[in-house]
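whatever this is, show me its structure:
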Amino acid sequence: MKKNSLVLPLLLTFSVVFSQSGTKNAVKFANTITVEDAKKHLSVLASDAYEGRETGKEGQRKAAKYIAEKFKESGVKPAKSNDYFQQVPLVINTPAVAGIQAGGKTYLNLEDFYLFPFNKSLKLETNNILFLGYGISEKNEEGDKKSVYDDYKNTDVKGKILLVLGGEPRNTDSVSFITGTKESSEWTTSSRKKAAFAKSKGAKALIVVSSNFESNVQIVKEFMESPSMELFREEDVADSSLNKEEENEIPYFGLSLKMANDILSAQNTNVEDIKKKVQSGKQPISFEIKMPLAIDITKKIEQINSENVLGMVEGTELKDEVIFVTAHYDHLGVHDGKVFNGADDDGSGTAAVIEMAEAFVKAKEAGFGPKRTIVFMTVTGEEKGLFGSSYYTDHPYFPIANTVCDLNIDMIGRFDEEHAKDSAFVYIIGSDKISTDLHKINEKANKKHTKLNLDYKYNAEDDPNRFYYRSDHYNFAEKGVPIIFYFNGVHEDYHQPTDDVEKINFELLVKRAQLVFYTAWEVANRDKRIRSDVRQKKGEK
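Next up, the predicted model:
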């Protein structure tokens, strides 16, 4: 008993000395994260030469190459083989473009007609266009089987291309036949109701005489100038084949009054005459138009690759347990000749990751390598839909079960209006949602070292901004990995071409990066892996 009583104080003394030494070393290497170096990296990444780092574009690839070069120069190893890049397969969906020939005449897209957003390529031909009034079928409610107004009554539209008038029939006092008031029904207010009903009856396409042609054309133009991006799936390519049936939609066109009257002239009538006849007779009007019509819709799908950049500092005795430090390096690109440099969003986080990776390498070279492996990942496609982190967590280099946590940095170089008088802060989001251990470690690191105001405003479950779901940590959290999201809030330059380097507060950026460093240091070097509260509730280890 006496022997043990002597050993215990010695062990406690050794533990205290070791802890003090660990803290001293943490401070030493945290201080290698400097304003000068952060500014050097960000001045390159957020320069006009990098063209806003838009996913899939040359500027983004230049940024990926720069990050990989900095990892290599500082001694950060590739996370897999000899390659710092994880290829992320993507597809660019360009809005479908249509061509129409009617009666031997070619009509122009966005001049004579427009196509509502459509998801495939398609060719249709007919020699008979079915004019079907307003394309409305409205029944009385609750047991009365009589129609209020029914263009479809006694008419088989299966396999037909329909031409209908926009809006709904009204009397000379502008009272709707459908609502019985001057208010419009859903047949007018819901843009796709007519198309959905036509499809349910088996029609192949719907052409509507647009009552707001010019304004609708402008909306469609803006849509066509914005190709969408998605993670690649085999079915994306398969869906692009010509004449492949789409189960959820038929092509839906808006027609100019001039083009509509050109087609109706084959029956010696026009839009105004038809409206008057429906108005006076209070009955639907439909007829066949003998005219050849050819529709050709082309949907372009382009497969591209982008890159996540991953480097690591391998752990010692617990190297199979992995900590991630992440930030997205993509931004919005160039629009209307203006470069969206994204210095804060998220050039600031990217510079911080580069700096932290170098600091951990220096620690390892000095004999203070982390017990656990730390992976530094800058991800692509965040602005497009968290694509890079989504792809990684579905195709991980390290088992998700072995992933201890993700410390994600997205915008740490500025402050928002709420903290104009107290900028020494950082928003902490998600730290307590999966692991109480991680939350406590971050708070302790801040209290001991950085002494920032930790603001949990956006951590609230009812946060209307939903920031917890809007950055790359979320894809880790979805897999049950404990996370912290470090964030400085939005400001007047958020997602604007004015988010430039000269507006960055580098002292604040470095202080926040050091908080992440201290938290990572503790998580990497503690004896026991942080606990997942979620796994504990499930009875898992």
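
C-alpha from now on. contacts and neighbour counts both.
Noted.

excluding its backbone neighbours, what's nearest Tyr252?
Spatial nearest neighbour of Tyr252, chain neighbours left out: Leu206 (4.9 Å); criterion: C-alpha to C-alpha, 6 or more residues apart in numbering.

what's the single longest strand in this structure?
Longest strand in the chain, counting residues (DSSP state E): strand 286-313.

what about the helices in the stretch 201-350 of the chain?
Assigned by DSSP state H, counting those that start in this stretch, the helices in the stretch 201-350 of the chain fall at 213-224, 234-238, 257-264, 271-281, 349-365.

quick one: which of the ones you listed is nearest His41?
helix 349-365 (5.8 Å; C-alpha to C-alpha).

next, the angle from the closest one to strand 286-313.
Helix 349-365 runs at 30 degrees relative to strand 286-313, counting by axes from the mean of the first three to the mean of the last three C-alpha atoms, to 10 degrees.

by contact count, what packs against helix 349-365?
The contact analysis (3 or more C-alpha pairs under 8 Å, 6 or more residues apart in numbering; DSSP states H and E) places helix 349-365 against helix 2-30, helix 35-45, helix 58-74, strand 286-313, strand 318-328, strand 372-379, helix 506-525.

any idea how far Glu51 is from Ala63?
10 Å (C-alpha to C-alpha, to the nearest Å).

again, but for Gln218
With C-alpha to C-alpha as the criterion, Gln218 and Ala63 are 35 Å apart.

more neighbours, these two?
Ala63 (25 against 13; other C-alpha atoms under 10 Å).

got a list of what the more buried one touches?
Leu45, Tyr50, Arg53, Tyr329 (C-alpha atoms under 8 Å, 6 or more residues apart in numbering).

from these, which single one is nearest Ser185?
Distances from Ser185 to the contacts of Ala63, taken by C-alpha to C-alpha, are shortest for Arg53, at 46.2 Å.

give me the number of neighbouring residues for that closest one.
Arg53: 32 neighbours (other C-alpha under 10 Å).

since we're on the closest residue to it other than its chain neighbours, how many residues are nearby?
Using C-alpha to C-alpha, 6+ apart and skipping residues adjacent in sequence, the residue nearest Arg53 is Gln60, 3.9 Å away. With neighbours defined by other C-alpha under 10 Å, the count for Gln60 comes to 26.

for stretch 185-204, buried residues please.
Ser185, Trp187, Thr188, Lys194, Ala195, Ala196, Ala198, Lys199, Ala203, Lys204 (16 or more other C-alpha atoms under 10 Å).

can you check stretch 162-181 too?
162-171, 175-178.

go ahead and confirm Ile434 touches Glu478.
No: judged on C-alpha atoms under 8 Å, Ile434 makes no contact with Glu478 at a distance of 10.3 Å.

low-confidence regions, the stretch 51-200 of the chain specifically.
Residues of the stretch 51-200 of the chain meeting the criterion pLDDT under 70: 141-147.

hey, where'd the helices end up in it?
So, for the stretch 51-200 of the chain - with DSSP H, counting those that start in this stretch - the helices run 58-74, 186-189, 193-200.

coming back round to it: so which of the helices of the stretch 201-350 of the chain is the most surrounded?
The highest average neighbour count among the helices of the stretch 201-350 of the chain, using mean count of other C-alpha atoms under 10 Å, belongs to helix 349-365 at a mean of 24.

contact partners of that helix?
By C-alpha under 8 Å, 6+ apart, helix 349-365 touches 25, 29-30, 32-34, 37-38, 41-42, 67, 70-71, 74-76, 311-313, 325-329, 369-370, 376-378, 409-412, 509-510, 513-514, 517.
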